[in-house]
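Visitor: Got a predicted structure plus its sequence, pasted below:
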Amino acid sequence: MNDQTATRLGYDAAGIVWDGIVRGYAPPDVLSISPKLRLQTAEEPEVDPITYEVIRNSLQNINLENGQTIQKLSISPITMINRDFQCAILTETGDVMFMGPYLMYLANTLGIMTKWVLENRSESPGIEDGDVFLCSDPYVGSSHQQDTELTSPVFWGGELFCWVANSVHYSDVGGPAPGSFCLSAKTIWEDPPLFPPMKLVERGSLRADMEQLYLRQSRVPATVGMDLHAALAGLTVSRQRILDLLERYGAKTVKAVMKKTLDASERAFVEKLQMIPDGRWSERIYTESALPGDPGVYISQVNIVKEGDYLYVDNEGTSPQAGSINNTYAGFVGAVLAPLMLMLAYDLGGVCGGLSRRVRFRPVPGTITCADYPAPISGAGVCNMPMVVATATGATAKMVACAEPPLRDKAIGIADVHAYGGWIFNGINQHGRFFMAMHSGMAPGAVPASTGRDGIDTGGIFWVPGREASNVEENEASWPVLTLYRRQNRADAAGAGRYRSGVAAEEAWLLHGTDELDTQVYNNESFVKCQGLLGGNPGGRAFFRLKRRTDIAEQLGAGTIPQDFDEISGEELPLYWKGEPIQLGADSVWTTNLPNFAGYGDPLDRDPAAVGLDLSEGKMTVEHAEEVYGVITDEAGLADGQKTRAERTRRKHQRLADSLPPRQARTTVQHGGLAARRAINDTLGVIRTDAGARYACTCGQDLGPLDANFKDSCRVVERLVDSIGPGYTSFATEMMDKMCFREFFCPRCGSRLATEVARRDDGYLWDIELRF
């Protein structure tokens with residue numbers, strides 16, 4: 001049995017089954033389903049175009065109504081505002097047909113979990129009309145225990161026609177830590193309990209024993225219970241709408257539309273793949289602290305290989321599983337498919353099943369991004385899943401940047417890595433009752449730069465497209481807190497590039513109506529983790545800063561509302577990225593941010609007029625314009641074209657003087673060869689020569705053959721990360737000293753072709769390998 005055959009059968013090369021028990025469940029190509037369960041597969045051979053569009057759009061709207069029902073009935077801001085949920089319609093064999101505009105990586109975990117149910121529950125206890133299965137086991141399908149999933153079969157004429165499903169983040173599902181993010185867990189037994197798929201509803205009747213078993217684990221059972229019933233209502237509405245559709249058009253016609261829609265989405269995906277050369281693209285992101293107090297640095301790596309009309313994805317290079325920074329196979333698959341959907345299936349209306357047919361996953365098990373049992377998983381929502389999405393985004397963006405226009409313009413940089421931008425807290429509220437809440441600041445996050453335009457300022461996290469920012473007034477009414485300010489960041493060095501990241505936001509808070517609260521989860525990065533795209537600056541550092549014994553009462557009493565954290569006197573507490581729970585007191589003030597995210601391309605190539613616009617709108621200082629972009633302004637604050645060109649030329653010459661020589665010296669290619677150039681970014685591309693295809697700069701500099709790392713042909717500067725700018729500075733100098741910022745310059749013209757934040761002892765990432 002070869003490795004490929006073994007993987008298809010659900011086994012790895014060592015004969016260990018990917019069954020959701022010892023190892024995360026990986027569905028085989030052919031599911032093993034009990035013959036007792038009859039599947040409806042018959043379809044009409046032809047459907048007229050008008051009927052096809054009516055049914056296809058009806059199915060899409062039915063799925064959206066699933067989500068809208070959840071939003072209307074849920075009482076948790078996590079669901080109502082943050083959109084930390086997902087809903088789906090699936091085929092009879094669990095292939096995801098439609099997903100909603102919510103947390104994208106959850107969609108494919110629903111498909112994996114439903115396939116597990118088909119293989120493991122169809123014989124006993126059986127799958128019957130009116131059933132609903134609940135699952136919170138990440139080794140089976142959910143991304144972590146809090147993202148509990150429900151899936152329900154839809155029967156017609158005694159046959160299983162399709163499934164409806166949703167996944168909702170529940171406020172607390174048990175475990176040692178309020179909010180159930182158990183960041184000190186070393187094994188799954190220090191995590192919230194796991195519930196493999198079990199019947200919550202049996203033949204249309206809610207099982208009180210199963211509901212009570214699930215809710216009994218929670219610190220806030222009333223809240224979780226309401227949200228659970230909201231999720232059940234979403235399924236009820238979806239199921240009934242599908243039955244109405246079947247009654248009107250017939251099962252064979254609706255099934256034909258479902259299959260034709262999936263086939264069409266597959267063809268559309270293949271058409272985009274055909275615009276991309278074969279090759280291999282990689283991204284590497286560093287994280288820290290597997291447990292509180294751990295000084296370790298860990299790697300998440302995603303590699304995408306394109307061969308013909310298929311993509312093959314692995315995580316080779318990723319660190320072994322450790323502490324509480326783990327996710328399972330289902331989380332890895334969902335996280336990778338999110339940016340693939342964004343950049344290669346943006347026009348499919350949420351139909352993701354066709355894409356899944358063309359992507360093959362080959363992750364290395366026992367790693368932090370594909371952990372084996374009994375690794376703890378509850379922290380994945382803040383520690384891992386955004387990181388894997390980010391890593392996959394970087395690899396996907398580099399691949400799409402190598403495509404033919406106009407597809408290459410869809411490449412977008414990395415967004416959130418660990419920049420949670422909020423916190424989980426609990427205590428006695430202003431009404432004298434225990435409460436627990438999760439504030440997520442991700443909604444006003446930045447959209448990163450893409451290959452053709454700036455990112456959107458406070459445009460949101462792109463892999464949760466439906467998310468909204470919470471209203472300050474609602475937060476203050478719901479929780480015992482006051483907001484000092486919520487404001488946009490500046491367009492500084494963080495996320496700078498030919499096209500800059502959008503700017504994100506920062507908030508500051510204090511207690512009101514209570515004397516103390518505890519917070520369990522917060523993000524204060526020791527070093528930046530968001531890699532830049534193809535020469536752009538990395539994103540900024542996410543922080544959580546806390547001052548105690550402040551003068552905030554005196555300032556407010558005098559009628560002053562501070563608008564800068566440094567204007568508040570007090571004792572600042574040094575906080576780590578993954579620290580122990582901390583106490584917020586009556587005299588405490590704290591601030592959190594979402595940093596700017598990835599920039600694209602060399603900042604010295606940015607249009608001076610765009611820099612001038614940021615200056616005129618107050619998004620940038622004159623000092624930043626000169627330091628970051630090399631733009632010199634006149635007395636009126638406008639860009640001086642002649643002085644700017646001279647300054648940029650000087651800076652590029654200085655780069656060559658200050659940098660280390662290439663590991664592999666190359667000759668200069670004649671400019672005539674650039675007529676056959678294929679762009680990777682605005683300065684790096686591939687040219688065809690008599691000696692074969694080679695990497696080259698637009699200035700004509702040869703950067704080596706395609707089977708070599710072009711970075712080895714660049715001049716290099718390696719410096720401290722905090723030297724990039726003030727947004728990269730951290731008090732955790734021991735951690736920062738382990739990292740460096742590398743810039744790769746064309747050895748002829750000094751253009752910056754690539755950047756990477758890396759551990760000092762790690763080699764250059766070979767991130768682009770084209771195979772023409």
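Guide: Received, thanks.
Visitor: so residue 727 touches residue 496, yeah?
Guide: No. Residue 727 lies out of contact with residue 496 (CB atoms under 8 Å); the separation is 10.1 Å. Backbone N, C-alpha and C define where each C-beta goes, glycine included.
Visitor: the more surrounded of these two?
Guide: residue 496 (31 against 22; other CB atoms under 10 Å).
Visitor: Just say helix, strand or coil for that one.
Guide: Per DSSP: H, G, I helix; E, B strand; the rest coil, the secondary structure class of residue 496 is coil.
Visitor: Go ahead and confirm it touches residue 629.
Guide: Yes. The pair residue 496 and residue 629 qualifies as a contact (CB under 8 Å) at a distance of 6.9 Å.
Visitor: any common contacting residues for the two?
Guide: Where contact means CB atoms under 8 Å, 6 or more residues apart in numbering, the residues bridging residue 496 and residue 629 through contact with each are 603, 606.
Visitor: domains in this protein, as residue ranges please.
Guide: Using automatic domain parsing, the domains assigned to the chain come out as 18-267, 412-601, 659-770.
Visitor: Can you lay out these as CSV showing distance to residue 339?
Guide: Formatted as CSV, the entries for those read as follows, by distance: least, CB to CB, whole Å:
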stretch, distance to residue 339
domain 18-267, 9
domain 412-601, 7
domain 659-770, 15
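Visitor: Quick check, central residue of the chain?
Guide: Centroid-nearest residue in the chain: residue 389, 3.3 Å away (criterion: CA atoms, centre = their mean).
Visitor: in a helix, that's where that residue is, yeah?
Guide: Yes. Looking at residue 389 with three-state DSSP, it is inside a helix.
Visitor: Could I get the contacting residues of it?
Guide: Residues in contact with residue 389 (CB under 8 Å, 6+ apart) are 105, 335, 338-339, 415-416, 463.
Visitor: ok, and the closest non-adjacent residue to it?
Guide: By the measure of CB to CB, 6 or more residues apart in numbering, the closest residue to residue 389 outside its immediate chain neighbours is residue 335, 4.6 Å from it.
Visitor: Correct me if wrong: the one you found contacts residue 388.
Guide: Yes. Using CB under 8 Å, residue 335 makes contact with residue 388 at a distance of 3.7 Å.
Visitor: so what sits against both of the two?
Guide: 327, 369.
Visitor: looking at this, residue 395 is in a helix?
Guide: Yes. The assignment for residue 395 is a helix, going by three-state DSSP.
Visitor: What pLDDT does the model give the residue lying closest to it once chain neighbours are set aside?
Guide: Nearest residue to residue 395 in three dimensions, chain neighbours excluded: residue 283, at 4.2 Å (CB to CB, 6+ apart). Per-residue pLDDT puts residue 283 at 99.
Visitor: circling back: pretty sure the residue nearest to residue 389 is in a helix, no?
Guide: Yes. Under the criterion used here (three-state DSSP), residue 335 sits inside a helix.
Visitor: Next, count neighbours for it.
Guide: Residue 335 is surrounded by 30 other residues when neighbours are defined as other CB under 10 Å.
Visitor: related to what we said a few turns ago, restricted to buried residues, select the contacts of residue 389 in PyMOL.
Guide: Per 16 or more other CB atoms under 10 Å, the buried members of those correspond to this PyMOL selection:
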select buried, resi 105+335+338+339+415+416+463
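Visitor: As JSON lines, the contacts of residue 389 with secondary structure would be great.
Guide: Shown next, in JSON lines, are the contacts of residue 389 (three-state DSSP):
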{"residue": "105", "secondary structure": "coil"}
{"residue": "335", "secondary structure": "helix"}
{"residue": "338", "secondary structure": "helix"}
{"residue": "339", "secondary structure": "helix"}
{"residue": "415", "secondary structure": "coil"}
{"residue": "416", "secondary structure": "coil"}
{"residue": "463", "secondary structure": "coil"}
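Visitor: What is the nearest of the contacts of residue 389 to residue 617?
Guide: The shortest distance between residue 617 and any of these, using CB to CB, involves residue 415 and amounts to 22.4 Å.
Visitor: Now for the closest one: which residues touch it?
Guide: Contact analysis of residue 415 by CB under 8 Å, 6+ apart lists 389-390, 393, 445-448, 461-463, 530, 597-598.
Visitor: for the stretch 501-650 of the chain, what spans make up the helices?
Guide: If DSSP state H, counting those that start in this stretch is used as the criterion, the helices of the stretch 501-650 of the chain fall at 552-557, 608-616, 622-629, 641-658.
Visitor: Same list as before, those that is, but in CSV and with mean neighbour count and distance to residue 295 included.
Guide: Shown next, in CSV, are the helices of the stretch 501-650 of the chain (neighbours: other CB atoms under 10 Å; distance: least, CB to CB, whole Å):
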stretch, mean neighbour count, distance to residue 295
helix 552-557, 14, 33
helix 608-616, 18, 38
helix 622-629, 19, 31
helix 641-658, 14, 31
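Visitor: if we compare those, which one ends up closest to residue 668?
Guide: Nearest to residue 668 among those is helix 641-658 (14.2 Å), distances taken as CB to CB.
Visitor: What helices and strands are in contact with whatever helix or strand comes next after that closest one?
Guide: Towards the C-terminus, the helix or strand next in line after helix 641-658, according to DSSP states H and E, is strand 678-679. Under the contact criterion of 3 or more CB pairs under 8 Å, 6 or more residues apart in numbering; DSSP states H and E, the helices and strands touching strand 678-679 comprise strand 684-689.
Visitor: For the strand it packs on, enumerate the helices and strands it packs against.
Guide: On the basis of 3+ CB pairs under 8 Å, 6+ apart, strand 684-689 makes packing contacts with strand 678-679, strand 692-697.
Visitor: what's the average pLDDT for the strand or helix carrying residue 233?
Guide: Element membership of residue 233 [criterion: DSSP H and E] is helix 221-249. Across helix 221-249, the average pLDDT comes to 98.
Visitor: My read is that residue 627 contacts residue 537, right?
Guide: No. Assessed by CB under 8 Å, residue 627 is found out of contact with residue 537, at 11.9 Å.
Visitor: all helices of the stretch 301-450 of the chain, in order?
Guide: Counting by DSSP H, counting those that start in this stretch, the stretch 301-450 of the chain has these helices, from start to end: 329-344, 353-356, 380-383, 385-401.
Visitor: Tabulate the ones you listed (CSV), appending mean pLDDT and distance to residue 240.
Guide: What follows is the helices of the stretch 301-450 of the chain, written out as CSV (pLDDT from 0 to 100; distance: least, CB to CB, whole Å):
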stretch, mean pLDDT, distance to residue 240
helix 329-344, 97, 28
helix 353-356, 94, 23
helix 380-383, 90, 31
helix 385-401, 97, 32
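Visitor: for those, which one sits closest to residue 605?
Guide: Of all the helices of the stretch 301-450 of the chain, it is helix 385-401 that lies closest to residue 605, at 15.3 Å by CB to CB.
Visitor: Which of the three states applies to residue 102?
Guide: Assigned with three-state DSSP, residue 102 falls in the coil class.
Visitor: what would the helices of the stretch 501-650 of the chain look like in CSV with distance to residue 467 and mean pLDDT?
Guide: Converted to CSV, those look like this (distance: least, CB to CB, whole Å; pLDDT from 0 to 100):
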stretch, distance to residue 467, mean pLDDT
helix 552-557, 30, 97
helix 608-616, 26, 96
helix 622-629, 29, 96
helix 641-658, 38, 98
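Visitor: For residue 209, which of those is the nearest?
Guide: Proximity to residue 209 (CB to CB) singles out helix 552-557 among those, at 50.1 Å.
Visitor: returning to what we had before: so which of the domains of the chain is nearest residue 633?
Guide: Nearest to residue 633, of the domains of the chain and by CB to CB, is domain 412-601 at 14.9 Å.
Visitor: Tell me which residues are up against stretch 305-321.
Guide: Applying CB under 8 Å, 6+ apart, the external contacts of stretch 305-321 come out as 270, 273-274, 276-280, 282, 284, 298-304, 332, 336, 340, 358-364, 366-372, 375, 392, 399.
Visitor: For ChimeraX, write the selection for the buried entries among those.
Guide: Only the buried entries of the contacts of stretch 305-321 go into this ChimeraX selection, using 16+ other CB under 10 Å:
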select :270,273,276,277,279,280,282,284,298,299,300,301,302,303,304,332,336,340,358,359,360,361,362,363,367,368,369,370,371,372,375,392,399
